[in-house]
Structures are given as structure tokens and as C-alpha cells.
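Q: can't give you the sequence, but here's the structure:
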Ligand code: ADP
Ligand code: MG
């Protein structure tokens with residue numbers, strides 16, 4: 001019969017098996033997604049062979065309990081040893097890949113040969129299994145030596161050494177993860193040692209310790225390789241288990257079920273075991289009592305032959321032993337007649353000792369050879385003799401063990417089933433939540449086109465639906481705002497244009513009015529033909545720049561003269577600037593032409609210039625537009641969040657170009673109200689505005705265009721003192 005500790009270790013085993021198989025599948029899956037690391041494949045193999053080892057161990061324990069034939073038990077033990085041999089091979093292959101050992105491949109091939117050889121040996125070997133009481137793991141003696149455990153231990157030692165050494169050389173998350181792997185290897189060694197002690201000393205506590213340690217080891221090994229070293233969780237790997245709803249749900253679900261199952265099985269098993277063993281002992285007691293009464297009822301002291309006849313007449317079960325001893329513990333009669341004839345001394349039998357002391361009872365005790373028996377003893381007071389009826393525990397409790405094993409099997413099946421449904425349910429909850437998270441992340445990155453596919457009809461499905469509607473609305477209003485932002489700029493610029501066109505129109509009118517009178521005047525004609533085309537060209541340019549701005553956004557890369565784009569924009573905002581008491585200063589350097597989209601770039605300048613003028617609406621001030629050429633190393637690739645560098649917020653310096661790249665700088669400074677520090681971060685967020693009639697779309701559009709040009713934008717500002725925007729554009733994008 002299994003003790004409570006043994007049954008708890010069986011449950012621990014099941015738990016470890018669950019982690020092993022999920023670990024094996026996880027790493028297999030990991031191997032099939034880029035970057036396809038071979039170490040994951042070997043690790044998966046290691047987990048799966050360890051699972052095979054565990055399953056075989058569990059099966060052999062249950063099969064022994066069910067009294068399966070020895071041949072089957074031996075086959076099981078061979079499976080156990082075989083999976084250990086294979087796992088040492090996979091472990092070494094994993095070590096070689098993980099640590100990139102140059103001489104490792106040679107070692108793996110060597111171990112492959114060794115393992116192959118011993119697998120063949122194992123297959124051919126005969127085996128001797130020694131089971132002892134309270135033993136569910138036999139001592140296995142193969143006809144040849146199979147070094148399954150030494151090989152495996154050697155590989156674990158190698159892993160422990162390498163991982164701890166490598167860990168001590170690195171730092172941060174990497175170090176922690178290496179220590180986890182090393183710790184796992186040490187724990188595995190500990191588990192092997194504890195299992196060895198168990199077979200050695202037959203203490204169930206060692207078995208439980210072995211499985212508990214193994215459980216921890218498997219977990220540590222799993223975490224050590226599953227967590228990406230560069231993430232924050234790498235510093236505290238146990239946190240990893242809290243990073244996914246799936247883990248939490250499965251852990252709670254499975255733990256709860258296992259514990260619940262465990263407790264109920266333990267209780268019911270113990271109750272029925274006690275009841276059953278009581279009935280068994282009662283029946284022995286009745287047998288012994290029966291014999292004692294028959295002997296006492298005889299009129300004269302019976303001869304040994306008479307006693308022998310009484311014993312042989314009793315309808316005992318197959319493995320039952322009954323005997324009568326005299327006052328010194330010597331046999332008078334025995335089911336095995338030969339032993340009675342030899343008058344064996346059975347005083348060493350604990351049952352005999354009890355009855356010689358005058359006690360009667362039914363219990364478990366040791367026989368004369370130290371074997372555990374269950375049975376009854378009964379003194380025959382009339383002659384100071386006694387009767388013992390006993391049976392080896394193994395056969396006596398066979399039915400009990402069958403009951404125990406069958407209920408354990410049910411429990412295992414139950415646990416596996418609930419774990420599977422648990423995982424299935426947890427996944428079905430987690431998947432749509434994950435989708436939602438991806439969606440919200442996408443939206444926070446500004447991808448408003450993201451659509452969540454969710455077919456579930458529950459709350460999460462409704463959440464997804466609401467989310468999709470929300471993004472669609474956002475998209476619509478964003479489009480409308482982009483349009484109104486553009487229209488607003490266009491309005492200002494149209495006013496500017498009207499103003500700008502007025503002067504040339506006046507001179508045109510004057511000239512045409514004078515034309516008829518002064519047609520004969522050569523000087524007038526010369527001046528006319530000089531000025532009129534110039535003025536018409538001026539009108540044309542202004543109209544064109546407005547047109548350029550009004551065109552829909554469709555990037556078209558051409559050679560662009562940044563300075564003249566700026567001049568046009570400034571020109572169109574000139575009247576607006578004058579109206580707001582803003583002085584405009586230009587400090588334009590000679591620039592090379594750059595590759596870009598003229599319409600889009602002019603939109604960028606319009607947005608920034610417009611903001612600058614608006615910032616000085618109250619008190620007027622100065623706007624300085626400066627350009628320059630230069631070289632930078634970092635440019636392009638943008639995160640949505642700007643990065644604070646000193647006093648500046650910077651967008652678009654995430655990429656290291658590796659070499660100095662020629663760029664142009666455009667710096668637009670105003671002496672306006674400035675930007676409060678807490679607003680600096682959200683400056684480029686869509687819809688962020690501090691103005692009554694603002695759209696909050698000017699800067700997001702600006703950012704997107706600069707991103708498309710692979711440039712960067714910096715903002716430097718002090719509340720009350722003014723703002724500078726610096727735009728950097730590569731000369732060739
Ligand atoms: P809008 O101009 O419609 O408000 P923008 O995206 O162009 O939207 O600008 C967002 C916000 O950034 C503005 O509301 C303003 O608070 C701030 N901002 C932008 N440029 C300046 C500047 N030059 N000076 C002060 N604040 C500015
Ligand atoms: Mg604006």
C-alpha cells in the first residue's frame with residue numbers, strides 16, 4: 001500500500017510531467033519561429049525525454065501495484081533507463097548549442113556513440129528487480145552495467161559549471177538567467193541524489209523530495225531559456241509567470257484541481273483502506289480464534305499429528321500461513337508440514353512473541369525472517385501454546401492496492417482532463433484579450449486603421465466591437481481634422497495671398513491704364529516689358545505655392561530647394577505676421593537641393609510657422625527662420641514618444657547611421673508663450689491642442705511627413721520665453 005507521502009509524490013510527479021510536456025511543446029514551437037535556434041530544438045527534446053522518463057516511472061509504479069507480470073515491469077524499467085540515456089544526449093547537444101562550444105560537437109558525437117552502444121546493451125540485458133516494502137521504485141540490476149544516471153549527472157554538472165561561470169561573467173538580466181539555468185542543473189543533480197537515497201534507504205520522504213526538487217528544476221530550466229534576456233522580467237524571472245493571464249489561469253485552475261483531487265483522494269483512500277484492512281484482519285482473527293477453540297475443546301492434550309490435521313482442515317486462502325507453537329515458540333503444526341516436522345523455532349516471529357506474552361490480536365507484524373505480514377495471534381491458554389494466522393502484506397493487500405491504483409488512475413485521468421480543458425479555456429480567454437492589447441498598442445502608436453477580429457459573443461467580443469467602432473470614429477474625426485487643419489492654414493495663406501497679389505495687381509493696373517497714353521514713350525515701354533512679366537511671375541508663384549499646399553498628400557520625390565519653399569511660406573504668412581506684430585527675420589544659408597516632396601515639406605513649414613505666429617498672437621515678437629547644412633550620425637526611425645535629451649525633446653534620432661550623413665537644418669524660433677514642460681511630451685499626439693480653435697493635427701502631420709523623409713525634429717522650449725523647432729532632413733533620402 002502507498003503511504004500518504006508516496007501518494008503526494010505521485011501528484012507532484014504528475015505536476016512535473018505537465019510542466020515538462022508544456023515546456024517541450026513550447027520550445028518546439030519556439031524553434032519553428034525565427035531565429036530558429038537549434039538549442040530550443042534540443043531543449044524541447046530534453047523536456048520530452050524527461051517527460052517520457054517520468055511517465056514510464058509513474059506507469060511502472062502503478063503497474064507494480066496492479067501486480068502486472070515481471071516481464072512488463074522490466075520493460076518499463078528499460079524504458080526508464082533508455083529515456084535517461086537519451087536525455088543525457090539531448091542535454092549535451094543543448095549545452096553545446098547554448099554555449100557555442102567549439103569542441104562540443106566532437107563530444108556530442110562521442111556521447112552519441114556511447115549512448116547508442118548502451119541502448120543496444122540495455123535492450124539485450126536481462127534485469128532483476130528488487131521491490132521492498134513501501135517501495136514503488138525497485139532497485140534495478142541489469143546483467144550489464146548501464147550508466148544512465150552517471151551520464152546524465154555528468155551532463156548536468158557540465159551545464160551547472162558552464163552556466164554559473166558564464167553568469168558570473170555577464171551582468172543584468174543575462175546573469176540572472178544564466179544563474180537560473182545553472183541553478184536548475186544543480187537542482188536536477190539534487191533530485192537524482194534524492195532518488196538514489198530513496199532506492200537506497202526506502203524512505204518515502206526522499207521520493208517526495210526528489211520530485212519536488214525536480215519540479216523546481218524543470219521550472220528554473222524553463223524560465224532560464226524562455227525569457228528574452230533583454231526584457232525587464234529577465235531580472236526577476238519568477239515574475240514571468242505573472243506576465244500572462246494564461247499562466248495565472250492555468251496555475252490557479254490546475255493547482256486548485258490538483259490539490260482538491262489530492263485531498264479528496266487521500267481522504268477517501270485512507271478511509272476505505274482502513275475499513276478494508278480492518279475486515280482483512282478480522283477474518284484472520286476469526287481463523288486463529290477458530291483453531292484455538294478447536295484445540296482447547298479436545299479432551300486430552302493433542303499430539304502434533306492431531307494439530308496438523310486441524311490446521312490442514314481449515315479452509316485457508318492461498319497465501320495464508322497458519323501454525324501452532326508451543327510455550328517456547330517451537331512449531332507443533334504448520335501448513336507446511338515439513339517445517340512442523342523440523343520443529344522450527346519461530347520465537348523470532350513478532351506474532352509468536354505477542355501470544356507467548358499472553359496477548360491476542362490482529363495486526364501487521366514481522367515474521368521470523370523479517371518479512372512484513374498481516375495476521376492474527378491467539379494464545380491457547382490451556383497448554384500455553386498459541387496459533388498464528390498470517391499472510392505477506394504484498395498478497396494480503398493486493399485488492400487494496402488495486403483499489404488504490406485504480407482510484408489513482410482515475411485521478412490522473414481527471415487531472416489531465418481538467419488541465420487540458422483548463423488550458424483550452426484559459427487560451428480562449430487570453431487570445432481575444434491579446435488581440436485587444438495589440439489593438440490598443442497599435443492605436444497608441446497612431447495606427448488608427450487597426451481592426452480587431454473577434455468572433456466571440458461575450459464581453460470581450462463586445463469590447464472588441466466597441467474598440468473597432470472607436471478607432472473608426474477616431475479615424476473619421478482625424479481625417480476631418482486633418483482637412484480642417486489644412487483648410488485653416490489655407491485660409492490664412494489665402495488671406496496672405498490676397499495681400500501679396502494686391503501690390504503687383506496695383507502696379508499692373510497702373511501700367512495698363514498708362515499704356516494707351518504712353519505707348520509712344522520708349523522708356524515706358526521698356527519698363528513695362530521688364531516689370532509686367534516679373535509681377536505676373538510673382539503672382540504665379542504665389543498662386544502655385546498655394547496650389548502646392550492644397551494638393552492631396554501623395555509623396556512625390558523630386559529635387560527641392562528648401563530655402564525657396566520657406567520663402568514662399570513666409571511670404572504667404574507675411575500679412576498674418578504683420579497683423580500680429582511679428583517681425584520675421586530670415587537667416588538662410590546656401591543650401592544644396594535635397595530629395596523630398598515639395599508639397600509635403602511646405603506643409604511642414606506652414607504648420608510650424610503658423611504655430612510660431614499663433615504663439616505670439618498676444619504680445620507680438622520675433623520669428624527667426626534659419627537654415628544651415630551639416631552632418632549627423634543619428635537620424636530617422638521614430639518612436640511615437642519623443643526622447644528627452646537635455647532640454648530638448650527629440651523625435652527621430654533612433655537610428656544610428658554608422659557614418660556622418662549630409663543633412664540640412666531648418667530652425668524656426670519664436671519668442672512666443674513657449675510650451676509648458678508637461679505638454680512637451682504630448683506635443684505630437686494627434687488631437688493635442690491648447691488652443692480654443694486648434695485641431696491638434698498640425699504637428700502630428702508634420703511628424704509623419706518628417707518620418708517619411710527619414711528626418712528628425714527637435715523641440716526646445718521654455719514657458720514664457722519662446723520655442724525653437726529644429727528640423728533635420730537628409731540631403732538624399
Ligand atoms: P494646433 O495648432 O491646432 O493646436 P498643433 O499640432 O499644430 O495643433 O500644435 C499642438 C500644440 O502644440 C498647440 O496647441 C500648442 O499648445 C503647442 N505648440 C506648437 N507649436 C508651438 C509654439 N511654437 N509655441 C508654443 N506652443 C506651441
Ligand atoms: Mg498648429
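A: Great, that's in hand. None of these values were measured; they are calculated from a predicted model. Ligands and ions are numbered 1, 2, ... in the order given.

Q: Could you tell me how far the residue nearest to residue 28 when sequence neighbours are not counted is located from ligand 1?
A: Residue nearest to residue 28 in three dimensions, not counting chain neighbours: residue 44, with 4.1 Å by Cβ to Cβ, 6 or more residues apart in numbering. All C-beta atoms are positioned from the backbone trio N, CA, C, and that covers glycine. Relative to ligand 1, residue 44 is positioned 51 Å away (criterion: Cβ to the nearest ligand atom, to the nearest Å).

Q: ok, now residue 65?
A: In this structure, residue 65 and ligand 1 are 75 Å apart, going by Cβ to the nearest ligand atom.

Q: In this structure that residue contacts residue 2, no?
A: Yes: contact status for residue 65 versus residue 2: in contact at 7.3 Å, counting by Cβ atoms under 8 Å.

Q: For the closest residue to ligand 1 within the stretch 351-500 of the chain, report the pLDDT, please.
A: For the stretch 351-500 of the chain and ligand 1, the shortest gap (Cβ to the nearest ligand atom) falls at residue 485, measuring 6.2 Å. According to the prediction, residue 485 has pLDDT 78.

Q: And residue 551, by the same measure?
A: According to the per-residue confidence, residue 551 scores 61 in pLDDT.

Q: so does stretch 472-484 get close to ligand 2?
A: No: for a cut-off given as Cβ under 5 Å from the ion, stretch 472-484 has no contacts with ligand 2; the smallest distance is 10.9 Å.

Q: what does that stretch contact?
A: Residues from elsewhere that reach stretch 472-484 (Cβ atoms under 8 Å, 6 or more residues apart in numbering): 443, 448, 449, 686, 687, 695, 696, 697, 701.

Q: what about the residue of the stretch 351-500 of the chain closest to ligand 1, neighbour count?
A: A total of 23 residues lie near residue 485 under the criterion other Cβ atoms under 10 Å.

Q: who's in contact with it?
A: Per Cβ under 8 Å, 6+ apart, neighbours of residue 485: 607, 695, 697, 698, 701.

Q: Hmm, residue 121 is touching residue 146, no?
A: Yes: Residue 121 is in contact with residue 146 according to Cβ under 8 Å; the separation is 6.5 Å.

Q: With neighbour numbers in mind, choose between these two.
A: Between residue 121 and residue 146, counting by other Cβ under 10 Å, residue 146 is the more crowded of the two (21 against 16).

Q: ok, for residue 215, nearest residue in space, not its chain neighbours?
A: With Cβ to Cβ, 6+ apart as the measure, residue 16 is the residue that lies nearest to residue 215, at 4.5 Å, once sequence neighbours are left out.

Q: The one you found sits in which helix or strand?
A: Applying DSSP states H and E as the criterion places residue 16 in helix 4-32.

Q: After that helix, heading C-terminal, what element do we hit next?
A: Scanning forward in sequence from helix 4-32 by DSSP H and E, the next helix or strand is helix 38-65.

Q: quick check: angle from that following helix to helix 4-32?
A: Relative orientation of helix 38-65 with respect to helix 4-32: 150 degrees, computed using axes from the mean of the first three to the mean of the last three Cα atoms, to 10 degrees.

Q: Quick one: list the elements packing against helix 38-65.
A: For helix 38-65, the helices and strands in contact under the criterion 3 or more Cβ pairs under 8 Å, 6 or more residues apart in numbering; DSSP states H and E are helix 4-32, helix 70-99, helix 204-226, helix 398-444.

Q: Export the ones you listed as CSV, with columns for mean pLDDT and distance to ligand 2.
A: Formatted as CSV, the entries for the helices and strands packed on helix 38-65 read as follows, by pLDDT from 0 to 100; distance: least, Cβ to the ion, whole Å:
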stretch, mean pLDDT, distance to ligand 2
helix 4-32, 88, 47
helix 70-99, 94, 54
helix 204-226, 91, 47
helix 398-444, 84, 22
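
Q: how about these in CSV, adding mean neighbour count?
A: Supplementary listing: the helices and strands packed on helix 38-65 in CSV, determined by neighbours: other Cβ atoms under 10 Å:
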stretch, mean neighbour count
helix 4-32, 20
helix 70-99, 21
helix 204-226, 22
helix 398-444, 16
